[in-house]
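Asker: here is the input, now give the coordinates:
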Amino acid sequence: MIKKLLIFLTFVSFGLSNSKAQDKTATSTEAPQAVKIYNPSANAQADIDAAVAKAKKQNKHVFVQVGGNWCVWCLRFHQLVNDTPELKQYLTNNFEVVLVNYSPENKNEAVLKKLKNPGRFGFPVFLILDGNGEVIHIQNSAYLEQGKGHSVKLITDFLKNWTYNAVNAN
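Answerer: Now for the predicted structure:
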């Protein structure tokens with residue numbers, strides 16, 4: 001009887017340790033190396049100020065993307081821009097771009113309050129600032145989504161409406 005009990009406990013023990021090993025494997029394969037596009041240590045206000053000064057000199061607006069490395073939609077948007085040369089070029093040619101981190105490490109509360117609390121729309125959220133640093137538009141990115149990502153056409157149409165030339169047309 002004791003021999004059967006020892007054999008049973010051995011199998012149970014082996015089964016539990018094997019199950020835990022499988023759980024660790026599943027976790028590590030489900031969570032690949034995280035992409036880091038937002039910098040929680042960045043000085044968001046200094047980054048915005050620099051972009052505004054540059055935009056003013058070049059007759060551009062500032063495109064601010066607020067989000068975090070934890071946000072799958074933020075990462076998808078960033079990847080879409082990088083994978084779509086015409087979209088990336090349009091954004092670069094017409095805007096100064098700033099990424100503002102929002103995460104447990106740094107919520108940038110003072111900066112986001114100054115920017116009219118754009119996080120109320122979720123993340124990512126996009127802002128257009130003029131050459132004086134004034135918010136001229138806050139865009140809920142959900143309206144630019146299509147399927148499991150963002151639509152290049154919807155993003156391009158949105159950006160075209162908020163270029164310096166579009167807003168300042170005579």
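
Asker: leaving out chain neighbours, which residue sits closest to residue 64?
Answerer: residue 127 (4.1 Å; Cβ to Cβ, 6 or more residues apart in numbering). For the C-beta atoms, the positions are set from N, CA and C on the backbone; glycine is no exception.

Asker: and the strands in this structure?
Answerer: Using DSSP state E, the strands assigned to the chain run over residues 61-67, 95-101, 125-129, 135-140, 145-146, 149-150.

Asker: so which of these is the most packed in?
Answerer: Ranked by average neighbour count under the criterion mean count of other Cβ atoms under 10 Å, the strands of the chain are headed by strand 61-67 at a mean of 26.

Asker: measure how that one sits relative to strand 135-140, angle-wise.
Answerer: Our comparison of strand 61-67 with strand 135-140, counting by axes from the mean of the first three to the mean of the last three Cα atoms, to 10 degrees, yields an angle of 40 degrees.

Asker: who's in contact with residue 64?
Answerer: 48, 51, 97-100, 115, 126-129 (Cβ atoms under 8 Å, 6 or more residues apart in numbering).

Asker: now flag whichever of those residues is closest to residue 136.
Answerer: Comparing those against residue 136 with Cβ to Cβ picks out residue 128 as the nearest, at 5.2 Å.

Asker: my guess is the closest one contacts residue 158. True?
Answerer: No: assessed by Cβ atoms under 8 Å, residue 128 is found out of contact with residue 158, at 9.3 Å.

Asker: which residues are common contacts for these two?
Answerer: With contacts taken as Cβ under 8 Å, 6+ apart, the residues that reach both residue 128 and residue 158 are residue 139.

Asker: how about the residue nearest the centre of the chain, what does it touch?
Answerer: For the chain, the residue whose C-alpha lies nearest the mean C-alpha position (Cα atoms, centre = their mean) is residue 74; its distance is 2.6 Å. Shown in contact with residue 74 (Cβ under 8 Å, 6+ apart): 37-38, 65, 67-68, 123-124.

Asker: contacting residues for residue 72?
Answerer: Applying Cβ under 8 Å, 6+ apart to residue 72 gives no contacts.

Asker: how about low-confidence regions in this protein?
Answerer: Segments of the chain classed as low confidence (criterion: pLDDT under 70) are 1-34.

Asker: which residues in it form helices?
Answerer: When secondary structure is read from DSSP state H, the chain shows helices at 2-30, 44-57, 72-83, 85-94, 109-114, 152-161, 164-167.

Asker: excluding its backbone neighbours, what's nearest residue 56?
Answerer: residue 131 (3.3 Å).
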